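Colleague: Let's see this in three dimensions:
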Amino acid sequence: MSQWMKHYFYAKNFALVAEDEKGQGMVEYAFIVVGIAAVAVAVVAALDTQLTAFLNGISFDGS
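Modeller: Now for the predicted structure:
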């Protein structure tokens, strides 16, 4: 088999595999969003008392 034929079949098979994985990108984005949300929840939980004290110190009446 010539080198050209090997490249052709490789590219053809790669294209077929890529078509089968259309939904994979959305799943990866979902994992990233879940990971970021988990980190945000962990940070808020770790800084609970400091965050509460900071937010209680904010005045909304303009004084």
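
Colleague: any idea how far the spatially most central residue of the chain lies from V44?
Modeller: The centroid of the chain falls nearest to I32 when counting by C-alpha atoms, centre = their mean (1.7 Å). Separation of I32 from V44 (C-beta to C-beta, to the nearest Å): 19 Å. Any C-beta I mention is one placed from the backbone N, CA and C, and that applies to glycine too.

Colleague: for the protein, longest helix please?
Modeller: Longest helix in the chain, counting residues (DSSP state H): helix 24-46.

Colleague: Show residues contacting that one.
Modeller: L51 (C-beta atoms under 8 Å, 6 or more residues apart in numbering).

Colleague: pLDDT value on E28, please?
Modeller: Turning to E28, the model gives it a pLDDT of 88.

Colleague: pLDDT weak spots in the chain?
Modeller: When residues are selected by pLDDT under 70, those of the chain lie in 1, 4, 7, 9, 13-23, 62-63.

Colleague: give me the number of residues near G35?
Modeller: Neighbour count for G35, taken as other C-beta atoms under 10 Å: 10.

Colleague: swap in L51?
Modeller: So L51, with other C-beta under 10 Å, has 13 neighbours.
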